[in-house]
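Q: how would this look folded up:
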Amino acid sequence: MRPRRVARTASATVPVAVSCGLIDKDSSIVTVAEDLRRQIAGLQPGDALPSTRTLVERHRVSPVTVSRALAQLAADGLVIVRPGAGSYVNERARVVSGARCDTGWQAVPLADRSVDASRLDFLLQPAPDGVLSLSAGYPHADLMATGSLTAAAIRATRRPGVWDRPPAWGLQPLRSWFAHTLGGSFDADDVLITDGGQSALSTAFRALLPPGAPMLVESPTYLGALAAARAAGLRPVPVPTDGGGLQLDQLADAFSSTGSRVLYCQPTFQNPTGACLAEDRREGVLELAAAAGAFVIEDDFARWLAHRHPAPPPLASQDEEGRVVYVTSITKPTSANLRIGALIARGAVAERLRNLRLVDAFFASRLLQETALELVESPAWSRHLRGFSAALAARCAATVQAVSRHLPTASVVEVPLGGMHVWLRLADGLDDTRIAEAAERAGVLVMPGRPFYAAEPPGPHLRLSFCGVSHPRELEEAIVRLAAVLE
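A: Got it, this is the predicted structure:
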């Protein structure tokens, strides 16, 4: 790789890594945070802390590392972060810092199971000033129907009983709407409203499998599903995929060798590859699951993220045995704050899902349910989806073209027809984790491919999200910065 000194942008000058050497990011965060703790001890409430630029130069770390260190201090009540204005010592800083206790004893009772949310936290962190994000887990605010959503929320507050406790399984009209969008023979009684898709996945995993059990997953697959499965004590077992989704012969072998009773998959615009399960494989997946006596958890997160043509029908719409547990959400096309999703199932498994949700959370917010209803039942919903789809298609095309122009040694595995990501194959011999770390220092955030695999990856990949920047022209600038690293 060719060393570079600086990457200049219109808003900031960001240091570029002189190599792609492995960086212990967690250690760097701790170092910056401890340095700031020492400074805070000598400051007064309201005093300003050093700027992000100063801390980047002092510790030779990226702006994202500084941002995470400040986030830790803010969570501890030591600092107040004011975007665009800086960071300041909190009024409570001295009280909080003097009240810290010895928690070392906790290592023993917590040793049996770990919960690794580091990559999920990365998806939710906003990009610091001057840094472009190709790693976002949610679309940029400029792509959202903020005006329509605000109007829906205002109308929702005027609905009778909006502050009353909702039915435990969700509002009847909203459950009916989800059942209608799924199609098939489903009705409102099959639907359970949840706090978004991630919560629904966690519920489904724990409801269907005991700790220690194997669960078949696509390889690669959504890293949030892997994190939720491992947090539940499950053992994800990878099943190879190609451009048509799951390979049926490999799936049959996996069911036979593991005895697994659950397959988790994303048949539509899969994350991270963007692939759809081929039409001639859909019935085969259900038949193999039936032969194994297994459930299929269908994660249909991208139902409303098609680019130019409607998304293919859900796998659940072909299910006549109650084998598919269907998970969906309207969060991605609306707002990260509209945490409304659905679990749809039939038979004894539906009752277990309801009982587990009742134990975990009682019910989803009625105000958010009413807001979701006001939005999806209004003409603004279909208008927004048309514009949203066109924007996703344009951004996807811009990203693919930029990769073709500036990254000759990398290739897009398959141009997706929906979703928010492009799956990039890097040249053999590169380390995608180190590339992502160097790219961060160069002012662009990307996701390495390794965390999307339940086992050793077959080669280096990057997931590029084309929805996390304000304007499509920023996509090319981000690819140019990435190219400088790959050179």
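Q: Pull up the gap between Asp280 and Gly245, please.
A: Asp280 is 10 Å from Gly245, where distance means C-beta to C-beta, to the nearest Å. Where you see a C-beta, it was placed from the backbone N, CA and C, and this is true even at glycine.
Q: Give me the more crowded residue out of these two.
A: Legend: neighbour count by other C-beta atoms under 10 Å for Asp280 and Gly245, higher for Gly245 (22 against 9).
Q: pretty sure the more buried one is touching Ala275, no?
A: Yes: Gly245 lies in contact with Ala275 (C-beta atoms under 8 Å); the separation is 5.6 Å.
Q: Tell me the strands beside the host helix or strand of Glu298, with direction?
A: Element membership of Glu298 [criterion: DSSP states H and E] is strand 295-299. Take DSSP bridges as the rule and strand 295-299 pairs in its sheet with strand 262-265 (parallel), strand 324-329 (parallel).
Q: Please parse this structure into its domains.
A: 20-102, 118-144+382-486, 149-379 (automatic domain parsing).
Q: can you tell which of those domains is closest to Pro109?
A: domain 20-102 (14.9 Å; C-beta to C-beta).
Q: roughly how far is the closest one from the heart of the chain?
A: A distance of 26 Å separates the centroid of the chain from that of domain 20-102, by C-alpha atoms, centre = their mean, to the nearest Å.
Q: avg pLDDT for that domain?
A: The pLDDT scores in domain 20-102 average 75.
Q: try stretch 321-333
A: Mean predicted lDDT for stretch 321-333 stands at 94.
Q: For it, buried residues please.
A: For stretch 321-333, the neighbour count (16 or more other C-beta atoms under 10 Å) marks Arg323, Val324, Val325, Tyr326, Val327, Thr328, Ser329, Ile330, Thr331, Lys332, Pro333 as buried.
Q: Then stretch 52-61?
A: Neighbour-count burial for stretch 52-61 flags Thr52, Arg53, Leu55, Val56, His59, Val61 (criterion: 16+ other C-beta under 10 Å).
Q: that older thread, between the buried residues of stretch 321-333, which sits nearest Pro214?
A: Ranked by distance to Pro214 (C-beta to C-beta), these are led by Val325 at 17.0 Å.
Q: Could you double-check that that closest one lies in contact with Asp299?
A: No: with contact defined as C-beta under 8 Å, Val325 and Asp299 do not form a contacting pair (9.7 Å).
Q: Kindly reformat the strands paired with strand 295-299 as a markdown table containing distance to Ser28.
A: Shown next, in a markdown table, are the strands paired with strand 295-299 (distance: least, C-beta to C-beta, whole Å):
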| stretch | distance to Ser28 |
| --- | --- |
| strand 262-265 | 34 |
| strand 324-329 | 34 |
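Q: Can you tell me which of those is nearest to Ala454?
A: Taking C-beta to C-beta, strand 262-265 is the member of those nearest to Ala454, at 10.3 Å.
Q: hey, C-alpha coordinates of the closest one in PDB?
A: Extracted in PDB, the C-alpha atoms of strand 262-265 (Å, rounded to 0.1, in the frame of the first residue of the first chain):
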ATOM      1  CA  VAL A 262     -34.000 -24.100  12.800                       C
ATOM      2  CA  LEU A 263     -32.800 -22.400   9.700                       C
ATOM      3  CA  TYR A 264     -32.400 -18.600   9.800                       C
ATOM      4  CA  CYS A 265     -32.400 -17.000   6.400                       C
END
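Q: Averaged pLDDT, the very next helix or strand once past it. What do you get?
A: With elements assigned by DSSP H and E, the helix or strand that comes after strand 262-265 is helix 279-292. Helix 279-292 carries an average pLDDT of 95.
Q: contacts for helix 279-292?
A: Identification of contacts with helix 279-292 by C-beta atoms under 8 Å, 6 or more residues apart in numbering yields 244-246, 248, 251-252, 255-256, 259-261, 263, 265, 267, 277, 295-296, 312, 315, 318-319, 321, 323-324.
Q: for stretch 235-242, same thing?
A: Against stretch 235-242 from outside (C-beta under 8 Å, 6+ apart): 212-221, 226, 229-230, 246-247, 250-251, 254, 258, 260, 263, 270, 273, 275, 453-455.
Q: are any of those buried, and which?
A: 213-221, 226, 229-230, 246-247, 250-251, 254, 258, 260, 263, 270, 273, 275, 453-454.
Q: Which members of those residues are positioned in helices?
A: Among those, the members falling in helices are Leu226, Ala229, Arg230, Gln250, Leu251, Ala254, Thr258 (criterion: DSSP state H).
Q: got these as a markdown table, with pLDDT and distance to Leu305 columns?
A: Shown next, in a markdown table, are these (pLDDT from 0 to 100; distance: C-beta to C-beta, whole Å):
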| residue | pLDDT | distance to Leu305 |
| --- | --- | --- |
| Leu226 | 94 | 21 |
| Ala229 | 94 | 23 |
| Arg230 | 92 | 26 |
| Gln250 | 96 | 27 |
| Leu251 | 97 | 25 |
| Ala254 | 96 | 28 |
| Thr258 | 96 | 31 |
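Q: now those as CSV including distance to Val32?
A: What follows is these, written out as CSV (distance: C-beta to C-beta, whole Å):
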residue, distance to Val32
Leu226, 28
Ala229, 32
Arg230, 28
Gln250, 44
Leu251, 46
Ala254, 43
Thr258, 43
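Q: Which member of these is positioned nearest Leu407?
A: Nearest member of those to Leu407, counting by C-beta to C-beta, is Leu226, at 26.9 Å.
Q: any idea how far Ala484 is from the closest one?
A: For Leu226, the distance to Ala484 - C-beta to C-beta - is 31 Å.
Q: From Gly468, how far off is the residue nearest the centre of the chain?
A: Central residue of the chain (C-alpha atoms, centre = their mean): Gly137, 4.2 Å from the mean position. Gly137 is 8 Å from Gly468, where distance means C-beta to C-beta.
Q: what bridges to Tyr264?
A: With DSSP bridges as the rule, Tyr264 is bridged to Val217, Ile297.
Q: Run through the residues that contact it.
A: Per C-beta under 8 Å, 6+ apart, neighbours of Tyr264: Leu201, Phe205, Met215, Leu216, Val217, Glu218, Thr221, Ala225, Ala229, Ile297, Asp299.
Q: Give the other helices and strands that the helix ranked longest in the chain contacts.
A: Longest helix in the chain by number of residues (criterion: DSSP H): helix 379-406. In this structure, helix 379-406 packs against helix 146-157, strand 411-412, strand 421-425, helix 473-486, with contacts taken as 3 or more C-beta pairs under 8 Å, 6 or more residues apart in numbering; DSSP states H and E.
Q: So which of the ones you listed is nearest Phe363?
A: Between Phe363 and these, the shortest gap by C-beta to C-beta is with helix 146-157, which sits at 16.0 Å.
Q: follow-up on the earlier one: which of the residues in the longest helix of the chain are classified as buried?
A: Under the neighbour-count rule (16+ other C-beta under 10 Å), helix 379-406 has 380-381, 384-385, 388-389, 391-393, 395-396, 398-400, 402-403, 406 buried.
Q: Note down every partner strand of the longest strand seen in the chain and its orientation.
A: Using DSSP state E, we find that the single longest strand of the chain is strand 235-242. Paired neighbours of strand 235-242 in the sheet (DSSP bridges): strand 214-219 (parallel), strand 245-246 (antiparallel).
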